[in-house]
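S.K.: Sequence plus the predicted model coming up.
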Amino acid sequence: MDMPDKPDDDIKLPPLERYFRIIEMLAVCPQGLSLMEIGKVLMLPKASVHRLLSTMQRSNLVQLSNNGRPKYSLTERVRRLAYHAIDNDAVASLAASLLNDFSRKYGETCYLCRLEDATVRSIAIASPATPWRGYVLPGRVLQPHATAGGKAIMAFQSKELIDRALAEGTPALTSWTKTDRKAILADYAEIRKNHFSTCIKEVEAELAAFAVPIEVGSLGVQYCVGVLGPYSRIIRVIDDEPREALQELAEAIKVILSRIAGGIDGQA
């Protein structure tokens, strides 16, 4: 049988398959790989690998760092996909025991929220028998200008995304609700400084809440965890042990999110 003088790599794998293999390879090597290392794994000549990577760079799929030894790694655009693909039910299931422990210990409703496009929604809740839990039942939208959870997440978003979120309206839910854009943005600035948000009578006159943003790698703040309850109780504990415990809970959930995303940011 006649054999070709050299392997025709264009016949072996179509370009799209190669692109995906590079993405898969870099996803499990968040520190990056050199052109030579990628070529060895794909078993392709240097020139072919360089063409593939150049195309991926132009499409903002990979980036080249040159700290000593040049290495290719995934861009933020691709890394975000790993997080956006995380299933809400999976996160809720893994975080359930942590939320339940917190709720049992402090006797208040504890909830987890996630940013979906320009909307903040609750995705998990642990609560004693209380009428307040209805405000954060899974699937409930949290207003970005009034709720502790909505503010904790929205404060860390880009100007463009904040504009989209606030364009939906900032209704006065109570006389304590901030509706002026300047006041809302000032509130966001304070939240970014303290990594802590509150809702004091802003949704319901007898209701109060506080929340902590969860920052995960290149994703930034897409999640938060909060506590909700009667104003008379929450206002007394907002600066005490429950606040510190909530921050510890946020760190624990951060580990869960990093694991689910497969360590794509090198945190697993």
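M.R.: Sure thing, it's come through.

S.K.: what about the helices in this protein?
M.R.: Assigned by DSSP state H, the chain shows helices spanning 9-12, 15-27, 35-42, 46-58, 76-84, 88-106, 148-154, 159-167, 181-194, 231-237, 241-260.

S.K.: residue closest to the middle of this structure?
M.R.: In the chain, the C-alpha nearest the mean C-alpha coordinate belongs to residue 222, at 3.1 Å (CA atoms, centre = their mean).

S.K.: So for that one, what pLDDT did the model give?
M.R.: Note on residue 222: pLDDT of 92.

S.K.: related to what we said a few turns ago, select, out of the helices of the chain, the one closest to residue 142.
M.R.: helix 148-154 (3.9 Å; CB to CB). Bear in mind the C-beta positions are built from the backbone N, C-alpha and C, glycine included.

S.K.: buried set for that closest one?
M.R.: 148, 149, 150, 151, 152, 153, 154 (16 or more other CB atoms under 10 Å).

S.K.: related to what we said a few turns ago, so which of the helices of the chain is nearest residue 206?
M.R.: Judging those by CB to CB, what sits closest to residue 206 is helix 231-237, at 5.4 Å.

S.K.: Can you work out which other helices and strands pack against that closest one?
M.R.: Helix 231-237 is packed against strand 207-216, with contacts defined by 3 or more CB pairs under 8 Å, 6 or more residues apart in numbering; DSSP states H and E.

S.K.: Now do the contacts for the nearest residue to residue 229 once chain neighbours are set aside.
M.R.: Leaving aside its chain neighbours, residue 229 sits nearest to residue 108 (4.2 Å; criterion: CB to CB, 6 or more residues apart in numbering). Taking CB atoms under 8 Å, 6 or more residues apart in numbering as the criterion, residue 108 is in contact with 127, 128, 227, 228, 229, 233, 234, 242.

S.K.: Which members of those are classed as buried?
M.R.: Among these, the ones that count as buried (16+ other CB under 10 Å) are 127, 227, 228, 229, 234, 242.

S.K.: and the first one, what pLDDT?
M.R.: The reference is to residue 127. pLDDT at residue 127 comes out at 88.

S.K.: That one and residue 48, how far apart?
M.R.: Distance from residue 127 to residue 48, counting by CB to CB, to the nearest Å: 57 Å.

S.K.: What are the structural domain limits within this protein?
M.R.: With domains defined by automatic domain parsing, the chain comprises 9-74, 85-260.

S.K.: winner for burial among these?
M.R.: Mean neighbour count (mean count of other CB atoms under 10 Å) peaks for domain 85-260 among the domains of the chain, with a mean of 18.

S.K.: now that domain, how far from the chain's geometric center?
M.R.: 13 Å (CA atoms, centre = their mean, to the nearest Å).

S.K.: now residue 34, nearest residue through space, not along the chain?
M.R.: Nearest to residue 34 is residue 71, by CB to CB, 6+ apart, at 5.5 Å.

S.K.: no no, residue 49
M.R.: Counting by CB to CB, 6+ apart, residue 49 lies nearest to residue 39, which is 4.3 Å off, once chain neighbours are set aside.
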